[in-house]
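In: Quick one: sequence and predicted model below, then my questions.
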Amino acid sequence: MNQRILAAFWLLAPAMLFGADSQWVLGQSTLSYRVSHPLHESVGVSHQARGKGVCHAGQCDFLIAAPVKSFDSGDSNRDLHMLQATRGAQFPLVTVRVALPETELNSATIRCDLEIQFGGQTAHYKQVPFQREVHGNDVRIAGTVPATLTDFKIDPPSLLTVPIKNDITVRVEMTWRPQ
Amino acid sequence: MIGDNFGNQIGRVRRLVLFCLFATLAPFLAAQTAATGTLTGKVVDASGAAVAGAKITAVSADAGQAQTATTGADGVYRLTLPPGYYRLMFEASGFVTVGIASATVAASATSVLDGKLDAVAQNSQQPATKSPEKPAEPSLNDLGFPTDQTAGNAAEQMRLDRRSHMLKIHQRLGLVTAGALVATLVLSNGAAGRNSTSSGRELHAAVGGATAGLYITTASFAIFAPKIAGTKTRGPIRVHKALAFIHGPGMILTPILGALAYEQRSSGQKVHGIASAHGAVATVTAISYGAAMLSVVFKF
């Protein structure tokens, strides 16, 4: 009898575990975009991203958002030009949605399908790799999104009539905590 | 005699400044006096049915002014607008807001621009009805951003667009001015020293005058570009702006001193008095102007 109960438990345990709801909240974060111009490179950084993740029945949905205005390149003039070019006043948030199997959260390299809304446009990025490290309760995620200006129909800002390059990679470093 | 000629030179500079100001302001003045045009269209939902009560906001790319209209029962709206470029927003309760980056309104003409609105996704509003046991997917409301960080501001976007447009012209004219400035400096060899000639002085004065005019026009596009409230000036742009306090007065002073020097040389005198500072002031002005350009080009 006991053996049957034990066997039933081991059979049902994974389903029960996957079925358990869990929520995640974004703690510290650093999002940095890099733009290149033949004369120099600049990096805009934001620490103001907020995020939430919900896992249910083995499936997780994450939402991360950051105010476009919060990206700081160290030059207010450059930041205002970027805000204009990215239509940041009209569409003040950049949002990222991620849906992935809960089992993926335990991998050292998490491959995510991203849906990014930015500047009134939506772009999808498939299988973007993020490195995962666990520090106690915290899960640190780091990776790079290979975004381009054309993905979001952004006219490249120019300096002395020379436009910046189309690539605008975004480095993501986030710390998630279970809620 | 010198006083009269100096007065004539000042008069020329004043006419040049007025001409440059007129050239700068003419498009804006013309835009104010032109006839109006009409922008009309029909707003429908995904099924093609008319959307009544939708709000359409048109914000002028030039003036930044907004006008609104509301669709009638047939989904049709109508806006009477001055000619120009407009950014449009279509908003209606229960529908996702749609923005159109640029629409053109021509004078005495009717432009047609229809809008199609998609209903707000049901799962973001009523997650419980679809799957009572499933927790709602995270939404922006869960993240707790203040409203001022999430609400779009079309008027602010228009100000940014106009600012960037004017500063782009500022940059391009600045390059042209730099070329004219270099030419003026090169031509100064024929205006002063042992090899100077009357024609050399006149050519130097003419190119220098054109440089000053270009400079004033260039500066006006930066000075009159819209300011964005709540923005603190940080980074290399501070150096760029600070240097304007050197080359700005320099660009005013240099032609005045040059006119004095020109008059003295033309009357057979050796350049003397304050006019002898013309070359030094011009050099400081050119160096500070070049440094101002470099300050935005190279990162430091």
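Out: Ah, there it is. Predicted model, so just to flag it, every value in this text is computed and none were measured.

In: How many neighbouring residues does B:L187 have?
Out: 17 (other C-beta atoms under 10 Å in any protein chain shown). Quick note: C-beta positions are derived from backbone N, CA and C, even for glycine.

In: quick one: it is in a helix?
Out: Yes - remark: B:L187 belongs to a helix, assigned using DSSP: H, G, I helix; E, B strand; the rest coil.

In: measure it to chain A for me?
Out: 24 Å (C-beta to the nearest C-beta, to the nearest Å).

In: can you check B:R162 too?
Out: 9 Å.

In: wait, what's in contact with the closest residue to A:V139 other than its chain neighbours?
Out: Using C-beta to C-beta, 6 or more residues apart in numbering or on different chains and skipping residues adjacent in sequence, the residue nearest A:V139 is A:W176, 4.7 Å away. A:W176 is in contact with A:W24, A:V25, A:L26, A:G27, A:G51, A:G53, A:D138, A:V139, A:R140, A:I141, counting by C-beta atoms under 8 Å, 6 or more residues apart in numbering or on different chains.

In: can you do 6 Å?
Out: When contacts are counted by C-beta atoms under 6 Å, 6 or more residues apart in numbering or on different chains, A:W176 touches A:W24, A:L26, A:V139.

In: who's the nearest residue to the first one once chain neighbours are set aside bridged to?
Out: By the measure of C-beta to C-beta, 6+ apart, the closest residue to A:W24 outside its immediate chain neighbours is A:G53, 3.5 Å from it. Note on A:G53: beta-bridge partners A:W24, A:F62, judged by DSSP bridges.

In: A:G53 against A:F62, yeah?
Out: Yes - judged on C-beta atoms under 6 Å, A:G53 makes contact with A:F62 at a distance of 4.1 Å.

In: Dump the contacts of A:W176 into a markdown table; add pLDDT, distance to B:G193 and neighbour count as well.
Out: Below are those laid out as a markdown table (pLDDT from 0 to 100; distance: C-beta to C-beta, whole Å; neighbours: other C-beta atoms under 10 Å in any protein chain shown):
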| residue | pLDDT | distance to B:G193 | neighbour count |
| --- | --- | --- | --- |
| A:W24 | 93 | 76 | 19 |
| A:L26 | 96 | 69 | 21 |
| A:V139 | 93 | 74 | 20 |
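
In: And these, which is closest to B:P82?
Out: Among the contacts of A:W176, A:L26 lies closest to B:P82 (C-beta to C-beta), at 46.3 Å.

In: Flag every buried residue along stretch B:189-201.
Out: Using 16 or more other C-beta atoms under 10 Å in any protein chain shown as the test for burial, stretch B:189-201 gives B:G190, B:A191, B:A192, B:G200, B:R201.

In: I'd assumed B:R201 was in contact with the second one.
Out: It stands for B:A191. Yes - using C-beta under 6 Å, B:A191 makes contact with B:R201 at a distance of 4.4 Å.

In: Quick check: which element contains the closest residue to A:K126 other than its chain neighbours?
Out: Of all residues not flanking A:K126 in the chain, A:D113 sits nearest, at 5.4 Å (C-beta to C-beta, 6+ apart). In this assignment (DSSP states H and E), A:D113 forms part of strand A:109-118.

In: Show me how far the helix or strand just after that strand is from its chain's centre.
Out: Counting by DSSP H and E, the next helix or strand C-terminal to strand A:109-118 is strand A:121-135. Relative to the mean C-alpha coordinate of its chain, strand A:121-135 is positioned 6 Å out (C-alpha atoms, centre = their mean, to the nearest Å).

In: Stretch A:134-149 now?
Out: That offset, for stretch A:134-149, works out to 7 Å (C-alpha atoms, centre = their mean).

In: Would you mind listing what in chain A touches chain B?
Out: Residues of chain A lying close to chain B by C-beta under 6 Å from any C-beta of the partner chain are A:21, A:39-40, A:50, A:52, A:54, A:56, A:61, A:63, A:65, A:67, A:74-77, A:80-81, A:84, A:89-93, A:120.

In: List buried residues within these.
Out: Applying 16+ other C-beta under 10 Å to the residues of chain A next to chain B flags A:50, A:52, A:54, A:56, A:61, A:63, A:65, A:67, A:75-77, A:80-81, A:84, A:89-93, A:120 as buried.

In: Report the contact partners of A:G27.
Out: A:T175, A:R177 are the contacts of A:G27 under C-beta under 6 Å, 6+ apart.

In: Which pLDDT value does the model give it?
Out: pLDDT, A:G27: 95.

In: what's stretch A:76-95 in contact with?
Out: A:65-68, A:73, A:117-120, A:154, A:157, B:99, B:149-150, B:152-154, B:156-157, B:160-161, B:164, B:228, B:231, B:233-234, B:237.
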